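1. coords please:
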Amino acid sequence: DVSSFGGFFYIIAFSFIMQGFLFVSGYFSKNVDKCRLGAAKNFLLPYILLMPVMFVVRLGVFGDAKFDLLSPSHALWFLLVLFVYRFMIKDLEKVPGILILSAGLLLASSRAEAGTASMARVAVTHDGDTIVLDNGRLHVRIEADGTVSSIVDQRTNRELVPAGTRLGRYEMLKDEPFHWDAWDIQRDAFLTANALSEASIASVDETANGGAVVHAVTRAKGVEIRTGIVLRPGSATLDFTADVDWHAVEQFLKVDMPVTVQAVNAQYECQYGLVERPINKNTRSDDAKFESCTHRFVRIADADYAAAVVNASTYGSDVSPIHADAAHGTGRGTMVRLSLLSAPLYPDPRTDQGAHSFAWSLVADADMNAVLDEAARLNSPVIGELPDMAPLVSLADATGVIVLDWIKLADDGSSDLIVRLYEAAGGNATATLRLDAALSDAKAGVREVNLMEEPELDAELPRALAGDEPMPADGAVVSLAPFQLATLRIRR
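-> Alright, predicted model coming up:
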């Protein structure tokens, strides 16, 4: 901050410190023959001796330190740079045009670093009370109440939020079912939805990876919701988190996620497949499907574009068409509303009272592979302190949408590996099985087994492998029919 004397002095000093370092280093390095002879004794040895000292000092002062000879601590980089400089100067002076070459490399690296830095961060701008986020893929406009009024997929130049709607707006519905207070959802409750209007943006911060997060607070009687809206660098996904302090009574909390995609049916994930539910309710049977089990995602797709809402901690939602209304400025699309919390009085009058945390995301240009990737990212915890190792089994040359769901040891204690795969999109899929070097060197064999890990297979079910007998595992071709799941047993 140049407004203070200390800040002004700091800027002036650091404007010349590197130039001064180079001048002094060059002045005392005029005798290039002696430079190399004394480089180790005068610079490398003191560096090696002082590094443990700085490690102990940092550990004592901050309680945290990392010892790495290749990562100089504080000002010790001077010694390491001087050692390298003096050791190599005799060879460097023989390079023709070394000054011009050095200047060119410096300029190129500076431009590359600047370009990388700009791409690695989300741009945040303020337009009055509105906040605009841009990561080069998504252009997001967040209003003063913390709701999203616009998301533009810049790759396709497509607006994702229908006019007149807001993404991330919370709604409260009456929760008074005729029977089974804690289990049922009454259809008529959907007619009682009221948006929570007491909301505002609290702050805007930068994340550790260069992303941006907008914090908003929403309040109603007995409810406080702290929402985080996160845009990651280069991502086609807008992430939401919500910490809810819930003390409502006989109320039902939903969050709006409208998209500009129109379709007849919505695709809901189920285990090893998809279930379609009607968006337009044309029959009594359709109307009865007003709330659906969402599992990890719901996807809305038309002929050339798709959007998906992926969630980590809530598994119910409803979908309905948004009809264009020029008088009210509303555009066409589909309303997706995730169900977050309810407040029944029976059998437990304090059901779900207290603190809750939720996470969900909007995926733009949501082909099935992208949706599955985001669903896995949002639902799979990151476990630290594990060894960094190559996967034991992987898939290569895949066509279609084939998922390697899990790998585990066989239940019978044989140390065989059990691999579960499935086709996720409703089409045919193939892939080549690849094993880690330790397994492939052991000439591991593979055969298809049933869900109980036994070799007896139903004759009427399709096969993933060509043949029922064991075959070499590495390079084995797996072929799956629509929504087929397969269990493979790999014997080492």
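
2. where does the protein dip in pLDDT?
-> 1-12, 14-19, 22, 30, 61-66, 73-74, 106, 109-120 (pLDDT under 70).

3. Can you pull up the most central residue in it?
-> By CA atoms, centre = their mean, the mean C-alpha position of the chain lies nearest to Arg377, the distance being 5.5 Å.

4. Mind telling me what element that residue is part of?
-> helix 368-379 (DSSP states H and E).

5. got the buried residues for that helix?
-> Residues of helix 368-379 classed as buried: 368, 370-372, 374-375, 378 (neighbour count, 16 or more other CB atoms under 10 Å). To be clear about C-beta, it is placed using only N, CA and C from the backbone, and glycine gets the same treatment.

6. Pipe those residues into TSV and attach distance to Leu79 per row.
-> Converted to TSV, these look like this (distance: CB to CB, whole Å):
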residue	distance to Leu79
Met368	55
Ala370	49
Val371	53
Leu372	51
Glu374	47
Ala375	50
Leu378	47
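
7. List just the nearest of those to Leu45.
-> Leu378 (51.7 Å; CB to CB).

8. and Val419, how far is that from Ala473?
-> 9 Å (CB to CB, to the nearest Å).

9. and what of Ala123?
-> Distance from Ala123 to Ala473, by CB to CB: 48 Å.

10. what does Ser415 give?
-> Counting by CB to CB - Ser415 and Ala473 are separated by 14 Å.

11. more crowded one of the two?
-> Ala473 (25 against 9; other CB atoms under 10 Å).

12. coming back round to it: and the helix holding Arg377, how far out from the chain middle?
-> Centroid displacement of helix 368-379 relative to its chain, using CA atoms, centre = their mean, to the nearest Å, is 9 Å.

13. Which strands and helices lie in contact with that helix?
-> Contacts defined by 3 or more CB pairs under 8 Å, 6 or more residues apart in numbering; DSSP states H and E place helix 368-379 against strand 297-301, strand 306-311, strand 354-363.

14. Now do stretch 198-212: distance from first to last residue.
-> 23 Å (CA to CA, to the nearest Å).

15. Which secondary structure element is home to Val403?
-> Going by DSSP H and E, Val403 is part of strand 402-409.

16. which strands and helices sit next to the helix or strand just after that strand?
-> The helix or strand immediately downstream of strand 402-409 is strand 417-423, counting by DSSP H and E. Packed against strand 417-423 by the contact rule (3+ CB pairs under 8 Å, 6+ apart) you find strand 393-399, strand 402-409, strand 477-480, strand 485-491.

17. if you set the cut-off to 6 Å instead, what comes out?
-> strand 402-409, strand 485-491 (3 or more CB pairs under 6 Å, 6 or more residues apart in numbering; DSSP states H and E).

18. which residues touch the first one?
-> Going back to what we said before, that points to strand 402-409. 392-393, 395, 418-424, 429, 431, 480 (CB atoms under 6 Å, 6 or more residues apart in numbering).

19. now the helix holding Arg377 against strand 393-399, angle please.
-> 150 degrees (axes from the mean of the first three to the mean of the last three CA atoms, to 10 degrees).

20. got the contact list for helix 368-379?
-> Outside helix 368-379, the residues within contact range by CB under 6 Å, 6+ apart are 237, 296-297, 299, 308, 310, 312, 361, 363, 401, 425.

21. And for stretch 309-325?
-> 162, 257, 266, 279-280, 290-291, 294, 297-298, 331-333, 335-340, 358-363, 374-375, 378-379.

22. returning to that earlier point: what pairs with the strand holding Val403, parallel or antiparallel?
-> Strand 402-409 pairs in its sheet with strand 417-423 (antiparallel), by DSSP bridges.

23. Could you export the strand it pairs with as CSV, keeping only the C-alpha atoms?
-> The C-alpha trace of strand 417-423 is given here as CSV (Å, rounded to 0.1, in the frame of the first residue of the first chain):
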residue,chain,number,x,y,z
LEU,A,417,-9.6,-58.9,-7.0
ILE,A,418,-13.2,-58.2,-7.7
VAL,A,419,-14.0,-55.4,-10.3
ARG,A,420,-17.5,-54.0,-10.9
LEU,A,421,-18.2,-52.1,-14.2
TYR,A,422,-21.4,-50.8,-15.7
GLU,A,423,-22.8,-48.9,-18.7
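
24. what angle sits between it and strand 485-491?
-> Using the same axes, to 10 degrees: strand 417-423 against strand 485-491 is 160 degrees.

25. For the helix or strand following strand 417-423, buried residues please.
-> Sequence-wise, the next helix or strand downstream of strand 417-423 (DSSP H and E) is strand 429-435. Within strand 429-435, the residues that qualify as buried are 429-431, 433-435, counting by 16+ other CB under 10 Å.

26. which one of the residues you listed sits closest to Asn450?
-> Leu433 (18.6 Å).

27. quick one: that closest one from Asp441, how far?
-> 15 Å.

28. again with Ala473
-> Distance, Ala473 to Asp441, by CB to CB: 12 Å.

29. and what of Ser203?
-> According to CB to CB, Ser203 and Asp441 sit 54 Å apart.
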